[in-house]
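Q: 3D, please:
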Amino acid sequence: MIEQNSASYWRATLALCIGSIIVFANVYITQPLLPMLADELSLSALESSLTLTLATLTLGLSLLFYGPLSDSLGRRWIMLLTMAGAVGCTALLSQVESYSQLLLLRALQGVLLGGLPAIAIAWMGDEFSAKAMTSAVGIYIAGNTLGGLGGRLVGGFVGEYQGWNSAFEVMFLISVVGLALFALLLPRSRGFSAQPLDPGRMSRAMLNHLRNPLLLAAYLIGGFNLFIFVNQYSYITFVLAAPPWNLPASMLGLLFLTYLSGTIGSACCGQLASRFSLPQLMSGGIVLLMLGTVLTLLPWLETIIAGFLINAFGFFVTHSSASSWVGQHAESDRASASSLYLVFYYLGSSTGGFYLAPFWQASGWSGVVVGSLLVLSLTFAVSLWLWKGQASQRLAI
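A: Next up, the predicted model:
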């Protein structure tokens, strides 16, 4: 097993972080471009947001088969092949001219981008010791935030000055370099134990995970938190692109620098977990997410930015804690359990925009805030249930 802070630990963790950065940069590159796409292609806010939500939807659905497939066929080569296919889609996206072509390729790219997220944490579970895994998961998720941030910055800055097609060209070049580094750095699997490829067994494993209330609670927390968090960014771009701010795409891209607080939150999660239980961290993160959301109601750019900084920190503390919780409480088929968490996670990302649309149409940003708090109140209640259950279990022991 790979132990924490060994040379192999840092090599493997760096490889998975680089892979994560490439995946999530490609997922979120269109988010700061939404007002530009709506204007150039004569689309509504909801139609332009489909360039993001369709990719996250197909990514989420693809996780249903990547995790179980990797339990039987191995992990490393699936991550490599799917990343290579996703990078190829990025090259094709730079050449599209119509909205339908854009949506088709983004849907295909989402399927391919699902390979690494579905398998990475399971790979860690095979290769890392328990202590090393808790630390590595936080660093890996920090890579998620850096990837999402980098993709949005590339989309915003390159899109404003060179057009949205050129943003995909630049992302393709970056992705090729990242893919090469990932392939060179990721060690070959040593702790993997293959299981027979049995669709019936896979289905039963998924059902067993869903019947496990400890896992289902984490699935709901991760899915519904992202349901709100990522789609708040989509709607706030339309707020800030309109008067009185009139921010261009490059400045909208800078808004996603608030993700850096989420990077810090994820990276610190391993240390925080030595002082607080995972349900406590989930509850605290959701409270921060609610407080940051309320802060954005104040009509100043500074308070909106501060609100999103708080949101990102709170969200990624909760996400890291929920991911670790799934890894610790999966009784078998670890990759399937982790991939099922991510299915909920990305289905939340892809459907939250539809849920928030009526609130947006009725009351603008204040409506989005109300709709957000309704859902976050539910996820907070679920986290408290986990907290109470864990406390009762300790008392029983």
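
Q: show me where the stretch 201-350 of the chain has its helices.
A: Ranges of helices in the stretch 201-350 of the chain, per DSSP state H, counting those that start in this stretch, are 213-241, 249-255, 259-272, 278-295, 301-329, 334-396.

Q: my error: substitute the stretch 1-150 of the chain in the last question.
A: Along the stretch 1-150 of the chain, counting by DSSP H, counting those that start in this stretch, helices occupy 7-28, 34-40, 45-73, 76-93, 99-113, 115-127, 130-162.

Q: coming back round to it: Asp71 is nearest to which of the helices of the stretch 201-350 of the chain?
A: Among these, helix 334-396 comes nearest to Asp71, with 4.9 Å by Cβ to Cβ. Heads up, the C-betas are built off the backbone N, CA and C, glycines and all.

Q: neighbours around the residue lying closest to Gln328 once chain neighbours are set aside, how many?
A: Spatial nearest neighbour of Gln328, chain neighbours left out: Leu278 (7.7 Å); criterion: Cβ to Cβ, 6 or more residues apart in numbering. Counted by other Cβ atoms under 10 Å, the residues lying close to Leu278 total 26.

Q: same thing with Arg76?
A: Here the number of neighbours of Arg76 (other Cβ under 10 Å) works out to 17.

Q: pLDDT below threshold where in the chain?
A: 194, 335, 391-397 (pLDDT under 70).

Q: tell me, what residue is most central in it?
A: The residue lying closest to the centre of the chain (Cα atoms, centre = their mean) is Asn144, at 6.4 Å.

Q: was I right to think it contacts Ser20?
A: Yes: judged on Cβ atoms under 8 Å, Asn144 makes contact with Ser20 at a distance of 5.1 Å.

Q: not counting its neighbours along the chain, what's nearest Ser261?
A: In this structure, Ser261 finds its nearest non-sequential neighbour in Phe313, 4.1 Å apart by Cβ to Cβ, 6+ apart.

Q: again, but for Ser277
A: Closest residue in space to Ser277, ignoring its immediate chain neighbours: Gln390 at 5.8 Å, by Cβ to Cβ, 6+ apart.

Q: could the helices of the stretch 201-350 of the chain go into JSON lines alongside distance to Met133?
A: Output for the helices of the stretch 201-350 of the chain, formatted as JSON lines (distance: least, Cβ to Cβ, whole Å):
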{"stretch": "helix 213-241", "distance to Met133": "16"}
{"stretch": "helix 249-255", "distance to Met133": "33"}
{"stretch": "helix 259-272", "distance to Met133": "10"}
{"stretch": "helix 278-295", "distance to Met133": "13"}
{"stretch": "helix 301-329", "distance to Met133": "7"}
{"stretch": "helix 334-396", "distance to Met133": "10"}
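
Q: which one of the ones you listed lies nearest to Glu160?
A: Ranking those by proximity to Glu160 (Cβ to Cβ) places helix 249-255 first, at 4.0 Å.

Q: what residues does the closest one touch?
A: Outside helix 249-255, the residues that touch it by Cβ atoms under 8 Å, 6 or more residues apart in numbering are 32-33, 35-36, 152-157, 159-161, 233, 236-237, 240-241, 305, 308.

Q: ok now that helix, how far from the chain's centre?
A: 20 Å (Cα atoms, centre = their mean, to the nearest Å).

Q: again, but for stretch 210-224
A: Chain-centre distance of stretch 210-224: 16 Å, with Cα atoms, centre = their mean.

Q: give the buried residues for that stretch.
A: Burial within stretch 210-224, assessed by neighbour count using 16 or more other Cβ atoms under 10 Å, is assigned to 212, 214-215, 217-224.

Q: can you show me the CA trace of that stretch as CSV?
A: Extracted as CSV, the C-alpha positions of stretch 210-224 are listed here (Å, rounded to 0.1, in the frame of the first residue of the first chain):
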residue,chain,number,x,y,z
LEU,A,210,-28.9,2.7,-2.6
ARG,A,211,-30.3,0.6,0.2
ASN,A,212,-27.5,1.6,2.5
PRO,A,213,-28.9,4.7,4.3
LEU,A,214,-25.4,5.9,5.2
LEU,A,215,-24.5,6.0,1.6
LEU,A,216,-27.8,7.3,0.3
ALA,A,217,-27.6,10.3,2.7
ALA,A,218,-24.2,11.3,1.3
TYR,A,219,-25.5,10.8,-2.2
LEU,A,220,-28.3,13.2,-1.5
ILE,A,221,-26.1,15.8,0.2
GLY,A,222,-23.5,15.8,-2.7
GLY,A,223,-26.1,15.8,-5.5
PHE,A,224,-28.4,18.5,-4.1
